[in-house]
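In: sequence and computational prediction follow.
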Amino acid sequence: MNKVLRIVSKESLNGNHRKEFMTRAFKGTNKDEEGRIVSGFDIRIYPSGQHNLSCCVCISVSPNNYASGSAKTGGYGYHKESAVINQALKNAGVEFEHDFGSRGESATLEAIKGLADFLNIENWETVHA
């Protein structure tokens, strides 16, 4: 697992990175006994042109502590999804033990597991559009 060292909350979401159609998302929430969300994350991947991806991240670290970030990638020859998720999380202020950009699907899932553990989220899901 790729451990989250800390989250220095930033709000650096670029609205231009959000597109109409999402291709994939990762979502998780931690609720209290009364069903109120205590912490959570929403990571969305969007196609952005022929060879580009964009990613928007929203994180609730605690009830009054939020972080958000976005990023865009393009080009050829590397795993764009892990690169764009890594950069969007960095832009939101999430610091991981290991950089996982361009390192593939398994590295991305290990990082998301680390984020879920940091936020005390036991169950999270991957959504395919």
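Out: Alright, I've got the coordinates.

In: when you work out contacts or count neighbours from here on, use the C-alpha atoms and nothing else.
Out: Will do.

In: Gly74 and Glu81, how far apart?
Out: Using CA to CA, to the nearest Å, Gly74 is found at 10 Å from Glu81.

In: now for these two: what residues contact both?
Out: Taking CA atoms under 8 Å, 6 or more residues apart in numbering as the contact rule, Gly74 and Glu81 both touch Leu53.

In: just give me how far stretch 14-32 sits from the chain centre.
Out: 8 Å (CA atoms, centre = their mean, to the nearest Å).

In: pull the residues that contact it.
Out: 37-48, 54-56, 69-72, 116, 119-129.

In: how about a cut-off of 7 Å?
Out: 37-47, 54-56, 70-72, 120-121, 123-129 (CA atoms under 7 Å, 6 or more residues apart in numbering).

In: repeat that for stretch 96-107.
Out: By CA under 7 Å, 6+ apart, stretch 96-107 touches Asn2, Lys3, Val4, Leu5, Tyr78, His79, Lys80, Ser82, Ala83, Asn86, Thr108.

In: mind giving me the PyMOL command for buried ones among these?
Out: Buried residues within these, by 16 or more other CA atoms under 10 Å, are selected in PyMOL with:
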select buried, resi 2+3+4+80+82+83+86+108
